[in-house]
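Undergrad: model this:
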Amino acid sequence: MKIENNATVRFHYTVAEVGHPPSESSRDREPLQVVVGSGQIIPGLEAALLGREAGERFEVTVEPDQAYGDRREDMTQRLPKKYFGGQRLSAGDQVVLQTRSGPRAVSVIKVGVSVVDVDLNHPMAGKTLNFDIEVIEVGPGKASDAEAGPDAADDAGN
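TA: So this is what the prediction gives:
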């Protein structure tokens, strides 16, 4: 069965910024499962999966406009330390904050006495990414798969 929109796909991935070693991989855990066309993964990776079949292994390069977008310098914010729940913080840390719209990953830029400067850009924003993909399984999609599937926002580059 070829991958098409609404197909349920299980795959392993390794992702690296161009010219750098891999930054993340699923190969030491269960494959990622998504419903293609549901927006669970970045658009460039979703497009690269279309037409593939179980057992295929391939590499794809995804430009920022089809991944996490361009890095925006205006995406920084100064927050009171109380929002970090007493965590020990230092510049470069990745932290998940609870917001009104759900959890949000941020990067710590600077830690002051009572405030923390954070970068709200996705850590891979503005980066061209190389993916090594191995399609494990392809099956028909079901409406419940998109709802119950893993939140791939931070997996497979989303």
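
Undergrad: sketch out the low-pLDDT regions of this structure for me.
TA: 142-158 (pLDDT under 70).

Undergrad: so how far is stretch 59-67 off the chain centroid?
TA: Relative to the mean C-alpha coordinate of its chain, stretch 59-67 is positioned 12 Å out (Cα atoms, centre = their mean, to the nearest Å).

Undergrad: just give the nearest non-adjacent residue to residue 50, would you?
TA: Nearest residue to residue 50, sequence neighbours excluded (Cβ to Cβ, 6 or more residues apart in numbering): residue 3, at 5.7 Å. In short, each C-beta sits where N, CA and C put it, glycine included.

Undergrad: in this structure the one you found contacts residue 56, no?
TA: No. Taking contacts as Cβ atoms under 8 Å, residue 3 lies outside contact range of residue 56: 9.1 Å.

Undergrad: contacts for stretch 115-125, please.
TA: Defining contact as Cβ atoms under 8 Å, 6 or more residues apart in numbering, one finds that stretch 115-125 is touched by 17, 23, 64, 67-72, 75-81, 83-84, 89, 94-95, 97, 104-111, 157.

Undergrad: select only the buried ones of those in PyMOL?
TA: This is how PyMOL selects the buried members of the contacts of stretch 115-125, with burial counted by 16 or more other Cβ atoms under 10 Å:
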select buried, resi 64+67+68+84+95+97+106+107+108+111+157
